[in-house]
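Asker: curious how this folds, go ahead:
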Amino acid sequence: MGDLVPIRHQPPLPVDRFIVSDPPSQEALPLDVLIVGAGPAGLAAAIELANLARRNQSELAIGVLEKAGALGEHSLSGAVVNPSAFHELFPDLPASQLPFRGAVGREEVRLLTRRGGFRMPTPPTMRNHRNHVASLCEIVRWLGERAAGLGVDLFTGFPADALLVEGTRVRGVRTTPSGLDRNGAPGSEYQAPTDLTARIVILAEGTRGPLAEAWRIWRGIAAPNPQIFALGVKEVWRVSRPLDRVVHTLGWPLPLDGFGGTFLYPMAHDQVAIGLVAGLDTRDAGFDVHELLQQMKLHPFFRPVLEGGELLEWGAKTIPEGGYWSLPERFSGEGMITVGDCAGLVDVASLKGIHYAMHSGLLAARAAFRALTDQDLSAGPDGLGGFDRALRESYIVSDLKRTRNMRLVFKHGFLLAGLENALLTLSGGRFPGWRIPTEPDAEVARRRGTGAARPLVPDGKLTVGKLDAVFKSGNATRDTIPSHLLPGEPVDPELARFYSHVCPAGVYEATETGLRINPPNCVDCKATDVLGPRWTPREGGSGPRYRLM
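Answerer: I've put the predicted structure just below:
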């Protein structure tokens with residue numbers, strides 16, 4: 001029978017759908033700068049642009065498109081935040097006035113076994129002194145208020161469906177239509193797509209941004225290594241006893257040939273965040289991150305924290321983990337710039353990405369303002385290509401270079417990677433100095449017939465099934481929405497079971513003959529976009545409605 005190799009069953013990214021050379025409609029909304037994605041990168045760019053315009057007494061029409069129905073509803077992170085980018089953007093505000101839940105006090109790292117574990121020294125890259133626990137949803141809402149106060153137009157509920165191009169220049173964006181029935185035909189509440197044109201488009205789509213991916217394929221932009229991804233599943237709980245420290249764990253419940261870990265953060269005196277992050281390059285076809293998180297909550301270390309509490313919210317999101325070697329050759333082109341997670345700016349070794357996203361947004365804003373002032377929107381070094389130079393000279397790329405192989409050595413297995421990471425830390429990232437090659441997650445062969453012999457039966461209290469978890473995400477997608485997921489053909493029951501394990505939200509269901517897809521369950525985590533059916537933008541406001549993530 002052989003191994004299951006996901007790429008053999010995955011359709012290619014539909015680049016022609018995302019790159020459109022049609023002229024904009026006559027009713028197109030003109031802007032100077034259009035930012036796609038109201039996350040930390042996009043909103044930081046908008047705020048910095050507005051501040052630059054004010055300081056230079058110029059007028060800029062700045063717009064931000066966000067697919068969620070309200071700011072923050074699709075935002076999810078751990079999150080322990082390095083505040084440096086906030087201090088750069090808001091130099092007059094003390095930490096007490098920034099949107100954080102509290103400063104990190106005590107912290108520990110533990111190695112878990114199935115029934116116990118022990119505390120271990122905190123690796124230098126994971127030390128969080130001077131960092132803060134936060135909710136990314138709350139950060140985004142706070143940043144959005146400040147952007148709106150500076151005159152930035154925030155268009156929530158408008159996913160970007162395609163880039164509008166002229167020759168090799170990006171000239172705007174077309175949004176998705178809404179009000180389509182299951183068959184994709186206009187219904188009674190149909191609203192046609194909207195075109196927005198801009199002198200500069202900044203793509204801040206977050207992880208697996210389809211427009212950024214399509215643009216890189218269209219322009220033939222490669223990277224030394226392909227991007228690789230992890231899936232994180234997170235829950236926020238109300239608890240009876242306060243947690244007094246930030247905790248990260250390694251080991252169980254992850255297999256020895258898998259990469260990842262868990263976290264437990266104090267969010268308030270009666271709230272904690274708990275989650276599990278695992279690489280999507282595991283070789284087990286039955287690997288199920290949501291189920292592993294449920295099993296983890298039964299461990300004697302976590303159970304006393306949660307028992308008697310209440311699950312308030314659940315969510316999931318993929319994370320780019322390739323680091324330095326997966327950075328694209330170019331981050332900008334004619335009329336456009338990519339920033340944040342969709343550019344791969346995450347440092348797995350330190351478990352950080354928010355301040356990198358924000359700082360990349362600041363650099364993009366400065367490059368965009370300079371290009372507009374100089375009337376040079378080309379991809380050259382005196383135009384938008386100046387962003388590439390600024391980014392590669394920034395602390396973002398410096399940090400990623402120092403930790404460039406720390407995630408990649410886990411391709412050698414957990415035990416050997418532990419030794420190699422010690423050497424990497426001692427040498428400041430210089431050992432080994434060469435690039436460790438990787439393959440796309442979808443090209444990793446999976447062992448068939450694996451997975452839990454006895455799947456966990458949720459008790460509905462401490463542990464929950466996927467459908468109950470989706471309910472806790474606040475998902476309010478209408479049932480009659482057309483499918484936004486593109487599977488390959490055919491899908492046999494074994495492949496369908498693989499997809500059902502990969503997806504944490506119960507979107508994919510194996511039947512006797514193949515695959516059943518439940519599109520309304522989707523929380524836009526993009527896990528199967530990495531390994532199976534492709535994710536495409538859908539009606540605005542669909543998906544989760546996070547408040548605490």
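Asker: quick one: the strands in the stretch 151-300 of the chain?
Answerer: All strands of the stretch 151-300 of the chain, identified by DSSP state E, counting those that start in this stretch, fall at 153-156, 160-166, 169-175, 178-180, 186-191, 195-203, 229-238, 245-251, 260-268, 271-279.
Asker: reformat those as JSON lines; add distance to A95.
Answerer: The way it works is simple: take the backbone N, C-alpha and C, and place the C-beta from them, glycine included. What follows is these, written out as JSON lines (distance: least, C-beta to C-beta, whole Å):
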{"stretch": "strand 153-156", "distance to A95": "26"}
{"stretch": "strand 160-166", "distance to A95": "34"}
{"stretch": "strand 169-175", "distance to A95": "36"}
{"stretch": "strand 178-180", "distance to A95": "40"}
{"stretch": "strand 186-191", "distance to A95": "43"}
{"stretch": "strand 195-203", "distance to A95": "28"}
{"stretch": "strand 229-238", "distance to A95": "22"}
{"stretch": "strand 245-251", "distance to A95": "16"}
{"stretch": "strand 260-268", "distance to A95": "17"}
{"stretch": "strand 271-279", "distance to A95": "20"}
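Asker: same list (those strands) but as CSV, adding distance to S58 and mean neighbour count.
Answerer: Listed next are those as CSV, based on distance: least, C-beta to C-beta, whole Å; neighbours: other C-beta atoms under 10 Å:
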stretch, distance to S58, mean neighbour count
strand 153-156, 17, 18
strand 160-166, 25, 22
strand 169-175, 21, 24
strand 178-180, 35, 19
strand 186-191, 34, 11
strand 195-203, 13, 25
strand 229-238, 40, 24
strand 245-251, 43, 20
strand 260-268, 41, 22
strand 271-279, 42, 24
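Asker: how far away from the center of its chain is stretch 94-102?
Answerer: Chain-centre distance of stretch 94-102: 23 Å, with C-alpha atoms, centre = their mean, to the nearest Å.
Asker: end-to-end on it?
Answerer: Distance between the two ends of stretch 94-102: 13 Å, counting by C-alpha to C-alpha, to the nearest Å.
Asker: ok, now stretch 150-158?
Answerer: Termini of stretch 150-158 sit 21 Å apart (C-alpha to C-alpha).
Asker: next: stretch 86-95.
Answerer: Criterion C-alpha to C-alpha; first-to-last residue distance in stretch 86-95 is 9 Å.
Asker: list of residues touching it?
Answerer: 44, 47-48, 83, 98, 103, 132, 355, 358-359, 362 (C-beta atoms under 8 Å, 6 or more residues apart in numbering).
Asker: 10 Å instead, please
Answerer: In this structure, residues lying in contact with stretch 86-95 by C-beta atoms under 10 Å, 6 or more residues apart in numbering are 40, 43-44, 47-48, 51, 83, 97-100, 102-103, 130, 132, 134, 139, 142-143, 146, 354-355, 358-359, 361-362, 365.
Asker: now, of those, which are buried?
Answerer: 40, 43-44, 47-48, 51, 83, 98-100, 132, 134, 139, 142-143, 146, 354-355, 358-359, 361-362, 365 (16 or more other C-beta atoms under 10 Å).
Asker: may I see the buried residues of the helix or strand hosting E509?
Answerer: Per DSSP states H and E, E509 falls inside strand 508-510. Residues of strand 508-510 classed as buried by neighbour count (16+ other C-beta under 10 Å): 508, 510.
Asker: quick check: mean pLDDT of it?
Answerer: What strand 508-510 shows for mean pLDDT is 97.
Asker: ditto for stretch 212-223
Answerer: 98.
Asker: that stretch: how far from the chain's middle?
Answerer: From the chain centre to the centre of stretch 212-223 is a distance of 18 Å (C-alpha atoms, centre = their mean).
Asker: looking at the buried ones among the contacts of stretch 86-95, which are in strands?
Answerer: H132 (DSSP state E).
Asker: where does the stretch 251-400 of the chain dip in pLDDT?
Answerer: In the predicted model, the stretch 251-400 of the chain carries no residue with pLDDT under 70.
Asker: ok, and the closest non-adjacent residue to E310?
Answerer: R238 (4.5 Å; C-beta to C-beta, 6 or more residues apart in numbering).
Asker: now the one you found: how far from L164?
Answerer: 46 Å (C-beta to C-beta, to the nearest Å).
Asker: returning to that earlier point: just checking: what are the partner strands of the very next helix or strand once past the strand holding E509?
Answerer: Per DSSP H and E, the first helix or strand lying C-terminal to strand 508-510 is strand 515-517. Here strand 515-517 is paired, per DSSP bridges, with strand 508-510 (antiparallel).
Asker: ok, the nearest residue to L276 once chain neighbours are set aside - contacts?
Answerer: Nearest non-adjacent residue to L276, counting by C-beta to C-beta, 6+ apart: L293, 4.3 Å away. Contacts for L293 were tallied using C-beta under 10 Å, 6+ apart; they are 232-235, 253, 262, 274-278, 302, 314, 316, 463-464, 469, 504.
Asker: do P504 as well
Answerer: 231-233, 288-291, 293, 314-317, 466, 469-470, 473, 521, 523, 525, 527.
Asker: let me know the secondary structure of it.
Answerer: For P504, the assignment made with DSSP: H, G, I helix; E, B strand; the rest coil gives coil.
Asker: which non-adjacent residue is nearest it?
Answerer: In space, and not counting its chain neighbours, P504 is closest to H290: 3.9 Å by C-beta to C-beta, 6+ apart.
Asker: likewise A510?
Answerer: Leaving aside its sequence neighbours, A510 sits nearest to A496 (C-beta to C-beta, 6+ apart; 3.7 Å).
Asker: surely that neighbour is in a helix?
Answerer: Yes. Counting by three-state DSSP, A496 falls inside a helix.
Asker: that one and D524, how far apart?
Answerer: For A496 relative to D524 (C-beta to C-beta), the value is 21 Å.
Asker: based on its surroundings, how many neighbours for the nearest residue to I19 once chain neighbours are set aside?
Answerer: Spatially, and ignoring its direct neighbours in sequence, I19 is nearest to W218 (4.9 Å; C-beta to C-beta, 6+ apart). When counting by other C-beta atoms under 10 Å, one arrives at 16 neighbours for W218.
Asker: show me what contacts W218?
Answerer: With C-beta under 10 Å, 6+ apart, W218 has these contacts: 15-16, 18-19, 163, 165, 168, 333.
Asker: swap in L531?
Answerer: Shown in contact with L531 (C-beta under 10 Å, 6+ apart): 6-7, 9-10, 229, 231, 280-281, 440-442, 444, 446, 498-499, 502-503.
Asker: let's go with 8 Å and repeat that
Answerer: For L531, the contact set (C-beta under 8 Å, 6+ apart) comprises 6, 10, 280, 441-442, 498-499, 502.
Asker: check R407 and give its pLDDT.
Answerer: R407 carries a pLDDT value of 85.
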